[in-house]
Each structure stands twice: as C-alpha cells, then as structure tokens.
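Q: need a structure here:
(3 chains)
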Amino acid sequence: MTMDAALIRAILRIIGASLVSLIFVTVAVFFITAVLPGDVADALLGQAATPDAVAALRHSLNLDKPVLVRFVIWVNGLLHGDFGVSLVSRRPVLAMASERLIHSLLLAGVTALFAVPVALVLGTTAAIFRNTLFDRAVSLLTLCVVSVPEFLIATLAVFIFSVQLHLLPALASISDIHSIGSFLASFSMPVTTLACVIVGQMSRMTRAVMIDALGSSWVEMAVLKGASPAHIILRHVIPNVIAPLFNVIALSLSYLLGGVVIVESVFHYPGIASLMVDSVAARDIPLVQICALIFCGAYLFLTTLADIVALLSSQRRHAA
Amino acid sequence: MLSRRDMMKHGALLAVAGGAALRSCPARAVQPVRGGHVRVASTTGSLSDTLDPARESMVTDYIRSAMFYDGLVMLDEALVPRPALAERIESDDFRTWTLRLRSGVQFHDGATLTSADVVYSLLRHRDPLVASQVRFQAAAMRSVRTDGPLGVIIELCEPNISFPSVLGMSNFAIIRNGTKNFETANGTGPFRCAAFQPGIRSLAVRNPDFWKSDGAWVDSLEVISISDDMARHNALLSGDVDIIAEVNPRLVALLRQRGMGVMESPTGTYTDFAMRQDIGPGKNADFVQAIKHLFNRDQIADSVWLGFCRLGNDQPLPPEDRYYNHDLPQTTFDPDRAKWLLNKNGFLHQDLPPLICSPAANASVDIAVLLQNEASRIGLRLDVRRMPADGYWSQSWMHFPLGFGNLNASVSADMTFSVAFASAAPWNESHWRSPHFDELLTLSRREADEEKRKAIYYEMQTLIHNESGLCIPNFITSLDGYHQRIKGLHPYLGGHLMGNNFSRFIWVDDGAGARPAESAPA
Amino acid sequence: MTVASLARWWAAIPRIPGALILFWLLLAVLGPLLAPFAPGEVVSRTVFAPISAHHLLGTDYLGRDVLTRLLCGTSSTVLLCATATLLACTGGVFLGTIAALKQGVTDTLLSRFMDGVISIPSLLSALVAVAAFGSSVPVLVLAMSLIYMPGSYRTSRMLALSIVRRDFVLAARMRGEKAGYIVLREVLPNMMGPVMADVGLRFIYAVRLLSNLSFLGVGLQPPLTDLGSLTRENLLGLVYGAPAVIAPALTIAVLTVGLNLALDSNRGEPD
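A: I've put the predicted structure just below:
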C-alpha cells in the first residue's frame, strides 16, 4: 500500500515537473519571438514596409505596446481558453493548428507503426548475433541510411518511383486521398524517408542497450542457473532495457512532429512543421506560440511517459 | 472597346499601345476548346497567402488574383494597357482621368459592378490597416469619385500620362464595395473561388457569367505551391501537375528531353547590387565605377542563368522595352580598370562592409560569391554575408551599405523610375538623390509626344547608368514548364506565366497526338 | 585521482582507431591547401560537368571545381561538427550522470531545463542566436552543441539511472566517495557502449544540422561551405548523375559511417 502511494506520488511529481517545463517553454518562446528581428507588420508589408505604413499597422495590431503588456494580454487570453487569432489571416490559431496537427499525427503515426517494430527487431537481433556478419550488415545499412541527408533520399525516391517508373504520385496531397490504395501510394515515400531518419538511431540504441543488458551479471547468473531464453528475456533483459529504449523511442517520435519540414515541403504535405516555419517567417506570434506549445507538449508527453516507464521498471526491479 | 476616335483624340498612350503590340496574334491553327482540369504548381506559398488584392506580394497571390478578379485595365504581352472593367479611360490633361465602366458585369455573388465598387477598391489602399503593397502608388491619386453608376473620375496629384498602366497592377484589382473578409474571393474574374487554404491549395471553377465570351477555357484549376525546386520539377515530370512556374535553368534540358514544354519569357525582372550613396564606400564614385567593372556579366549569364537572361547595363529598362536606350555604352568587365580605380582611392587595403545577400533575392548569393571571387583576384577582400530569407525585405534590404535586391518586371518605365530611382522612391536602393532626374520624371509624365518622351527616358537611363549606385548585371528570362496538353501559352514582357494571367488563356488539348512522349530520346 | 585510475579510465574509453581520426583530421587541416582552385572560382562554362582529367570530380551547379569545394567542405564539416559533438556530449554525459547520481532537486532542475531547451524548435533557437550574436563560427559551434546537449543529457541520464542502483555504485557511495570519483570511476566506464553509439549518431545529426542552418541562411558564410550544403546546392545534378551531388553525399556517408563503425568495434566491454 505505502509502496503504491509513493509510486503514485512519484508519478505525479514527474507530471507536475513536466508541466513546469511547459510553462517555462511557453514563456521562453514568447520572449524569443520578441527578440527576433522584425515583427508581423514588417513581414506583412515586406518590400512595402515604409516606416509610416509599418507604424500604422503596428498600432492597429497592438504591437506598439511593450512586450510585457502583450505577454499579459496573451496569458490572460490563454487562461480563458483563448489562444488568439492569427495576426495575418485573422483566423483562430487553434483551428489552424489543429487542422495541420491531424495531418502530422497521421504521418507520424503511420511512420511510427512502421519504424518502431523494424528498429526494435533489427537492434535486438543485431545484439543477439553481435559481431557476426549479420550484425555488421545491419550496422552498415542503418548507418548508411541515416547518414544520407533526407532531402536526398526523398528527392531520389520521387525521381525513381514517380518520374521514371510512374508508380507513385510525386506529391502526398491530402486532398487526393480517397481510398486505402491512394493512401498507401501517397504515404509510402514520405513514410519511408522519415523511417530512414529514425530507424537508424532507434536500432543502434536498441542494440547498444541490449548488449549491455545481455552482458549483465543478472543475465549471466540466470544463464548459469539454466533458465530458459524466454525467461531470461522476459525477467531479466526487458526490465533492464525498457527504460532507455522507451526514451530513445520518445525522442525519435517527437522528431516526427516538429523535425519533418523537409519531408513536408518535398512531398507538399500540409503538416504542422511547415506551419511553424511559415508562422516564424510571418512573425505571426500567436501562431508561433501555439505551434511551439504543441511541439513542446508532444515532446513532454512522450518523455514524461518514458520517465514514468523508467520509474515503474526500476520499482519492478527493486521489488523483484 | 475604345473607339478609334478616342484614341486619336486623347491618348498618346493608347495610340502608342496600338503601335507597340508588335508580337500580338501569333498564328494559331487550332481553335481553343472548353473543358478540362488543370493543376498548377507555383513557387512561393505560405500561411501569408491572401485573397486580398491589396496585400498580394507573392507569385501565387498574383496567379490567384488573375483568376478571381479583374482590373480596370489589363496589360497585354507588350505591357500595353487594354480595356478590361473600364471600357474607356480618357484624360485631356493627364491629371483628371475619366473612366467609363463596362455595363452588366457581375460579381461572383451576383451583384452588378458599379462605380462605387471601383471607388472602394481604389481608396482602401490608403488605409494603413489594409497593409497595402501599393500604398505608395495609391497616394498619387488625390481623389477618386463616382460619376453616375458607371462613371469614375480619378484626379491625380500631378499629371501622369502612364497612369492607365498603374491600374493594370494586380494589386489594384476591383473588389465588391465594402468587402472586408477575404476568406473567399468575390470578384468579377473568369473563375470563382471554390476553395482557398493558405499555404496548401486553392481551387478555381469557371465562372459561367464571366463578361468576356472568349477566354477562361478550362473548367477548373487547382493551384498549389512547391518551393523546393527539384520537387516542383518532379511533380511536372510525374504528371502530378500540368504547369509549373519558374523552371530552374539547369533543368530546362531535362524537361525538354522528356517532352515537356518550356516557355521563355524575356522580362524586365532583375537581381541588382546596390551601393548606398549616403553611407559607406558607395559615397565614392570611383568605388561604384570599379565595382560595376568587377561584375563579370558574361560569366554570371553562363554560370547563374545558363544563358537564360539578357545583358544588363546598370539601368532598369530591359532591351525589349520600347524606351530602351540603345546608345548607352555597355559597362564592361574590366578588372584592371577596377583595380586602378580602387587603388587610387586606397580601397584595396581597407576593411569594407560585407556584401549582404539572401535566398530571398533571386540568385543573389551566387552572384555575390562570383563578385567576391573576382574581387579577390585583384586583391580586394569582400566578405559575403548571407541573410535568412525571412525578414530580408524588411530587415536587411536597403539597410546596409552594400547589398543585393531584386525587382520584378514593372508595369511601365514610369513605374520603375518612380518606385526605384526618384529621390522620393520607396525602393531607391542606392539612396541616390538626383534633382535633375526628378525634374525629368515630372516632365516625362506630361509629355504627350512619344518621340520627345523617348528622348527624356533616354536621358534618365543615362543618368542612372552614370550616377546611381545600382549595378544591374542581367535581366532574367522567365522560364515556365508545361505539359504538352496545355495550349495557349505565350511569352509576356510583364513576367512569367503570361504576367500571371495564363489562367484566362490556356486550354486543354487531350486530342490524339497530344500525348507526351514518355519515351523521350535518351 | 591517481595515475592508475586515470589509466584505467582511459582503457575503458573505446580506443578510437587513431588512424581513422588522424586521417580525417589531417584531411580537414591540409585539404584546403591541396585544393587545385579557389573555392569560389568558376572554372568551366559547363555546369554539372562529369568527371574529367581537368576536374577530377567534375563541376558544380555554377561551374566551379567540385574537388576543391569538397576538400574545403570536408574541412569545415569535420572540424565544426567534431567540436560541436564533443562539446554537446561531454556536457550532456557529465550533467546526465551527475543528475542520475544526485537525483532530487539537482536532477529536477537540470531535467526541466534540458527538456525546455530541447522542445524549443531549433529553427527559432538558431534564428535568435544569430540575431543576437551574429553569424560567426564560434557562435555556430556553440549553438549546435546547445541544441544537441539535451538529447545527450537525456540518454546519459537514463543509462546512468540504471547503473547508479547497482551494487558497486552503492558500495562506492557507502564508502563515502566523491560524486566526481563515482561518475568517472564507476558509472561512466559502465555506460560507454551506448554513450559511444549516441556520440556517433550525434555527429551525423550535427552534419545535418550544419547544412540545415546554412540553408536557412544562418550557417557558414561563403566561400566557406560544408558537406551537407554542397549536397543540397547541387541537388538538381541528381537527375544528370552529376558527381557534384554524389561526391559530397558519399563523403558524408564514408565519414560518418566509418566513425560510427570505429566507435562500435573499439567499444570497451563493461566491467
């Protein structure tokens, strides 16, 4: 009973701490965007940004108020559930971001479904058969794939499969997807490109962690005691590797939301990463804010999960 | 249409128009047919995409605008203003312009076009809240008022014979009186807005009530933007899109080899290097002259543009312009003279401000690197500072002593001179102040005699060439790629894709023999 | 710390094959001197030219000598990315193990800070860093190491967490050893395998980040260049099979794959 209560307290502490991070990042992003050269008035007017035009527009958008005042206004809105409207399009940023977020989650989800099992299997088998030809081959392959820049992989794939062979569409426009078939055709290249980026890291970390776990004294002891391989894996290996593995998976998945600008632009896929880049370029602060909140929230959600798994697994080990 | 009498009576300008439309009416054997869906990939698109004509500043905005809206006039292939929503534009003194609107034109929401719409559309540019790209040009209109339901009287602050061209700017498109919401477009144009998602796509369907019977052949158009060069070309080659804007010169050979069409449009668009004359080394005329001699224009033409450009002579009118000064001696690549000039003034051993460039200004980073290399050969050290594309125009451009910029093909010589070279010009990149040039500009705007105006323009080009701190190494030839089933495209002086007006002219030929050659000769 | 423990520690670090590292470092330092042309010089009127006697690796998208640019690009990529990776991983591993060892407030503060840094989009951080401190090589290296330190921190902390609970660490703590001693002597040698795998990958990411920063206009200034940017600026050459795009991509692959395999094969076995 006390054990459980302590555990729950520990979990709550982890969640509480990540909320603190969220607030820290929100505040930091607000002031970082304030430091960026130029504001939305400059960006909107571009070459037509004469001083008087900028000043007038700035005034009408409340941008001439001190940054602290703007921060208070923004936080106040946030507390009332109002994320604000885009300074450029005047549409609510929440609607704009959630539209793109759904697309991104779809792409990230499909990629994760594909990449995580592949990486775990590759890493584990490489660890079991370590220092064999198989291990070397897996190492070489995953390293090669991760070391080639993704814009090159994506471009080469499009040139081969769309331009030369006419097998797949060159663009993954979400509006053209009407069936499972067209979904698979549109998604295969972006998903493969993204998988190339994250499988390398995940499988290599899996291998490294697995090797350490397999070489640990518990495992050696269990082997000496004549335990079955399944027993060894379930009772001794998995509890020891689950935390670091979950951590590396969490890091890779969080990349799938925010780090995929290049894939989004090559395949013309309307995800949230390009929205973020756009909003930074347009200095559309409310939109930058909500994108940052989403990235940060997703990252913290995943890493908090990893932390909790780590906690649980260490509890389990101690209990065992 | 304008009557012959009107032309003879009033418009030096419109008469000129008649004479200058040299390349119009290319022989077309086939009659356009209606129907078809066309997908277009443009270059720039972002969340800042807009349907508000006043705010348009990017290629994709202009393309959309030409589908949904009409201007009072429309510029033809030689940049000559032709009647559009205004049937007639007349003036006796070039200060007060009387417009007669076409009757029976309908907006997409069913309302009929009246003079009130025009007054609203033109006057709103003054409002800073509108954030208009043409506030400077709109400021030249002292008053705009209605004269009956179809009459509009525009009074300018000072006479300007080129004023009708101004109305041909995409930003001066006519919207419905009182429009404040631009989530969709309510114009009079040949297509209606069926979908508009900023940064993603827009969908246009043909407007059955379009006032012009010929034109707007295709049933629907989808416009997307792909900023990645290779991805855009791949989309054309794979058949995902039918037309792409801005073919990279390096891929022209590939497209042609695979049976795609590449349209070459000689335009007045240029990338320039500005040496400010109010601060830094540009204050010294010898320095400016030396740097102009350091531009290896032939090499830039070969390396950067692969020949798809024309030679520039440090003045802003392209060789195709009817006022181009052919008598002006060409600035040549002359490193020896440059070295002598620089050495004379001690610049060879000075720390100079960096060359500011950015991907935002077309090819400026490449041109800067070539200049840097030529400079290093004569012992002049120039640093290149590449700035981020975002924020370049408002934060860097014109802010530094030495920097690159670019200017899109302008609607008229007068417009180029007044926005980029007059003392009060907002885009006077080299901060050049010449009272004589300003006088000539004022004079040219009142000069009804074509020959006399030409002489004035010649002198103005000479002044820019000799005195301003601007170096214009080349004029860019715009390249657009298209599938062979797309017909009706031909080059416009005003910019690529027929000055962004292609949607009004193209038609789809899916007939036999029009299939692209999949197996192009290797 | 005694000489003996230092030696032991050194032995536990994977003995990175000196030859490989030396080769790349030598190439980085001497490469630009061996270049046949100036990196900004246009040497041919043909762009994307194939391999020839004059230009061993052909010409690039402007008609410059690819070999020259490759030697210069390799130099800056190796030097900058190695420095940034070393900084990021040294900092990350050290702080990560300390956090795992101390736990409590130190751990919470460090972890929250690192989480905060990592979840600020790197585009924003890079733009701000350059806006605030200008775009110079030291700023670039610092920005890159700051962007990657949190990842290394997280990985190390996770690895260390499971080690600090093991008996030999507990025993050392019972003996009253100092934190620094425990980290260096007991914890680090036992997590070197995964840490080295992480270092190798971070180097790959550093190469990629450097080219992305250049693409955004906040990276190296011309005529300096890096391998990723060389690949990107010549991307159009892909359709013509130009060595201008293949050569830098291959160089990246050989450099990063080689380094990672070397780190793998010379990994110290845990105690």
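Q: how far away is the residue lying closest to C:Val169 once chain neighbours are set aside from C:Asp167?
A: For C:Val169, ignoring the flanking residues on the chain, the nearest one in space by CB to CB, 6 or more residues apart in numbering or on different chains is C:Glu186 at 5.1 Å. (Each C-beta comes from the backbone N, C-alpha and C, glycine too.) Between C:Glu186 and C:Asp167 the distance, using CB to CB, to the nearest Å, works out to 11 Å.
Q: Counting neighbours, go ahead and name the busier of those two.
A: Under the neighbour definition other CB atoms under 10 Å in any protein chain shown, C:Glu186 and C:Asp167 were set side by side, and C:Glu186 has more, 22 against 8.
Q: and the more buried one, what is it in contact with?
A: Residues touching C:Glu186, when contacts are defined by CB atoms under 8 Å, 6 or more residues apart in numbering or on different chains, comprise C:Ile163, C:Phe168, C:Val169, C:Ala172.
Q: From these, which land in helices?
A: Secondary structure assignment (DSSP state H) places C:Ile163, C:Phe168, C:Val169, C:Ala172 from those within helices.
Q: Tell me the predicted confidence for the third one.
A: If I follow you right, that is C:Val169. Per-residue confidence for C:Val169 comes out at a pLDDT of 82.
Q: Count the neighbours of it for me.
A: 21.
Q: Identify the residues contacting it.
A: Going by CB under 8 Å, 6+ apart, C:Val169 touches C:Ile163, C:Ile182, C:Glu186, C:Val187.
Q: For the first one, give its distance to A:Glu220.
A: Pointing back at C:Ile163 there. Distance of C:Ile163 to A:Glu220, given as CB to CB: 17 Å.
Q: now swap in the last one and tell me
A: Per CB to CB, C:Val187 is found 20 Å from A:Glu220.
Q: Pick out whichever of those two has more residues nearby.
A: Neighbour count, other CB under 10 Å: between C:Val187 and A:Glu220, C:Val187 has more, with 25 against 13.
Q: I figured the more buried one hits C:Ile163, correct?
A: Yes: in this structure, C:Val187 is within contact of C:Ile163 by CB atoms under 8 Å, at 5.3 Å.
Q: of the ones in helices among the contacts of C:Glu186, buried ones?
A: Among the ones in helices among the contacts of C:Glu186, those buried by neighbour count (16 or more other CB atoms under 10 Å in any protein chain shown) are C:Ile163, C:Val169, C:Ala172.
Q: what residue is smack in the middle of chain A?
A: Chain A has A:Ser254 as the residue nearest its centroid, 1.8 Å off, counting by CA atoms, centre = their mean.
Q: which ones are touching it?
A: Remark: with contacts taken as CB under 8 Å, 6+ apart, A:Ser254 is in contact with A:Phe295, A:Ala298, A:Tyr299, A:Leu302, A:Thr303, C:Ser119.
Q: Closest one of the residues you listed to A:Phe267?
A: Closest to A:Phe267 out of these is A:Phe295 (20.1 Å), distances taken as CB to CB.
Q: tell me which element B:Ser121 is part of?
A: Using DSSP states H and E, B:Ser121 sits within helix B:115-123.
Q: quick one: is that helix near chain A?
A: No: applying CB under 8 Å from any CB of the partner chain, one finds helix B:115-123 out of contact with chain A, separated by at least 15.8 Å.
Q: Tell me how far that helix lies from the chain's centre.
A: Distance of helix B:115-123 from the chain centroid (CA atoms, centre = their mean, to the nearest Å) equals 24 Å.
Q: Give me the buried stretch members for it, please.
A: Neighbour-count burial for helix B:115-123, with 16+ other CB under 10 Å as criterion, is recorded at B:Ser115, B:Asp117, B:Val118, B:Val119, B:Tyr120, B:Ser121, B:Leu122.
Q: Could you find the closest non-adjacent residue to B:Leu463?
A: The shortest distance from B:Leu463 to any non-neighbouring residue, by CB to CB, 6+ apart, is to B:Phe437 (5.1 Å).
Q: scratch that, C:Ala247
A: Counting by CB to CB, 6+ apart, the nearest residue to C:Ala247 once its immediate chain neighbours are dropped is C:Leu57, at 4.9 Å.
Q: B:Asn406 pairs with what?
A: Listed by DSSP bridges, the beta-bridge partners for B:Asn406 are B:Thr271.
Q: Pull the contacting residues for it.
A: Neighbouring residues of B:Asn406 by CB under 8 Å, 6+ apart: B:Thr269, B:Tyr270, B:Thr271, B:Asp272, B:Ala361, B:Asn362, B:Ser364.
Q: repeat that for 6 Å
A: In this structure, B:Asn406 makes contact with B:Thr271, B:Ala361, B:Asn362, judged by CB atoms under 6 Å, 6 or more residues apart in numbering or on different chains.
Q: Where does pLDDT dip in the chain?
A: I went with chain A, as the question did not name one. Counting by pLDDT under 70, chain A contains low-confidence residues at A:1-3, A:174-176, A:316-320.
Q: try again with chain C
A: Within chain C, the stretches with pLDDT under 70 are C:1-18, C:123, C:130, C:265-271.
Q: tell me which parts of the stretch 101-250 of chain C are close to chain A?
A: C:108, C:112, C:115-116, C:119, C:121, C:124, C:128, C:131, C:158-159, C:193-194, C:197, C:201, C:204, C:228, C:231, C:249 (CB under 6 Å from any CB of the partner chain).
Q: If we use 7 Å, what do you get?
A: Among all residues of the stretch 101-250 of chain C, those adjacent to chain A (criterion: CB under 7 Å from any CB of the partner chain) are C:108, C:112, C:115-116, C:118-121, C:123-124, C:127-128, C:131-132, C:151, C:154-155, C:158-159, C:161-162, C:165, C:193-194, C:197, C:201, C:204, C:208, C:211, C:228, C:231-232, C:235, C:238-239, C:249.
Q: Produce a PyMOL select command limited to the buried residues of these.
A: Here is the PyMOL command that picks out the buried ones among these, judged by 16+ other CB under 10 Å:
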select buried, chain C and resi 108+112+115+116+118+119+120+121+123+124+127+128+131+151+154+155+158+159+161+162+193+194+197+201+204+208+211+228+231+232+235+238+239+249
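Q: Tell me who's in contact with residue 191.
A: This is for chain A. A:Val110, A:Thr111, A:Phe114 (CB atoms under 7 Å, 6 or more residues apart in numbering or on different chains).
Q: if you could check chain C rather than the one you did, that'd help
A: Counted by CB under 7 Å, 6+ apart, C:Met191 has contacts C:Leu159, C:Ala160, C:Ile163.
Q: cool, and B:Pro473?
A: Contacts were defined as CB under 7 Å, 6+ apart; by that measure B:Pro473 touches B:Phe295, B:Arg297, B:Ile300, B:Gly312, B:Ile367.
Q: Keep only those of these that are in helices.
A: Checked against DSSP H, the contacts of B:Pro473 include these in helices: B:Arg297, B:Ile300, B:Ile367.
Q: Out of the residues you listed, give me the one that has the most neighbours.
A: B:Ile367 (27 neighbours).
Q: sorry, back to before: helices or strands next to the helix holding B:Ser121 in the packing?
A: Secondary structure elements in contact with helix B:115-123, counted by 3 or more CB pairs under 7 Å, 6 or more residues apart in numbering or on different chains; DSSP states H and E, are strand B:141-146, strand B:151-156.
Q: One more pass at 10 Å, please.
A: In terms of contacts (3 or more CB pairs under 10 Å, 6 or more residues apart in numbering or on different chains; DSSP states H and E), helix B:115-123 is packed against strand B:96-101, strand B:141-146, strand B:151-156.
Q: Which stretch among the ones you listed approaches chain A most closely?
A: strand B:141-146 (16.5 Å; CB to the nearest CB).
Q: how about A:Asn62, what does it touch?
A: By CB atoms under 10 Å, 6 or more residues apart in numbering or on different chains, the contact list for A:Asn62 reads A:Val69, A:Arg70, A:Ile73, A:Leu87.
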